[in-house]
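J.: Sequence first, then the predicted structure:
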Amino acid sequence: MNFGSTVRRWANLLNGATPIGLAIARLGHATTRPGPDGLTLAEGYRFRFPAASAFTIGNVLITSRTFPELTARLPRVIAHEARHSTQYVVLGWAFLPLYVLYLPLSYALTRDRALGHPLEILAGLDDGGYRPDPSEPRHRNPVLSPSDKE
């Protein structure tokens with residue numbers, strides 16, 4: 001683990017984001033295991049909220065799928081979610097209200113919840129699976145397309 005990952009890990013422990021992320025993963029019956037760069041991967045999350053292929057709280061990356069299954073579709077999703085983890089270090093608990101605040105703004109600007117979202121842009125839209133499709137009137141995350149819903 002490099003210096004930046006170590007700082008991120010300790011900062012998210014101290015600001016309380018990682019313990020809350022672990023509690024949410026446990027509440028959602030996810031199985032946790034160590035991931036790269038001091039991250040914790042939580043797989044098999046059972047709740048349908050939030051509506052995302054993966055989400056991050058502190059240093060905990062949570063998905064309803066398994067990470068091999070998810071990274072087969074989105075090879076760089078862990079890098080994307082790790083950037084959100086770093087955003088928690090910088091913003092602390094302001095991350096969550098800011099994230100929610102930017103959702104309608106992004107939708108108003110792009111008709112998509114992520115394409116105009118500053119935190120998603122900074123985390124890397126392509127890495128997160130957010131790709132605009134100019135042939136569609138409304139852009140969408142291909143990972144969350146209606147045909148993929150379980």
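T.: Everything's here; your move.
J.: what helix or strand is the spatially closest residue to residue 37 that is not a sequence neighbour on?
T.: Once flanking residues are discounted, residue 37 sits nearest to residue 5: 3.9 Å by C-beta to C-beta, 6 or more residues apart in numbering. C-beta coordinates here come from the backbone N, C-alpha and C atoms, glycine included. If you go by DSSP states H and E, residue 5 is part of helix 3-14.
J.: Which secondary structure elements does that helix sit against?
T.: helix 17-27, helix 77-91 (3 or more C-beta pairs under 8 Å, 6 or more residues apart in numbering; DSSP states H and E).
J.: mind putting these in JSON lines, distance to residue 106 included?
T.: Written out in JSON lines, the entries for those read as follows (distance: least, C-beta to C-beta, whole Å):
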{"stretch": "helix 17-27", "distance to residue 106": "22"}
{"stretch": "helix 77-91", "distance to residue 106": "15"}
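J.: where do the helices sit along this protein?
T.: Per DSSP state H, the chain carries helices over the ranges 3-14, 17-27, 67-73, 77-91, 95-110, 118-123, 125-128.
J.: which one of those has the most crowded surroundings?
T.: Taking mean count of other C-beta atoms under 10 Å as the contact definition, the stretch among the helices of the chain with the greatest mean neighbour count is helix 77-91, which reaches a mean of 20.
J.: Roughly how far does the closest residue to residue 84 other than its chain neighbours sit from residue 108?
T.: Beyond its immediate neighbours in the sequence, the residue positioned closest to residue 84 (C-beta to C-beta, 6+ apart) is residue 56, lying 4.2 Å away. As judged by C-beta to C-beta, to the nearest Å, residue 56 and residue 108 stand 24 Å apart.
J.: nearest to residue 42, of the helices of the chain?
T.: Among the helices of the chain, helix 17-27 comes nearest to residue 42, with 3.6 Å by C-beta to C-beta.
J.: any idea how far the helix holding residue 5 is from the chain center?
T.: Relative to its chain's centre, helix 3-14 lies at 17 Å (C-alpha atoms, centre = their mean, to the nearest Å).
J.: so who does the residue nearest to residue 84 touch?
T.: 21, 62, 81-82, 84-85, 88 (C-beta atoms under 8 Å, 6 or more residues apart in numbering).
J.: give the contact list for the residue most central in space within the chain.
T.: With distances taken as C-alpha atoms, centre = their mean, residue 55 lies nearest the centre of the chain, 3.0 Å away. Contact partners of residue 55, counting by C-beta under 8 Å, 6+ apart, are 61-63, 81, 84.
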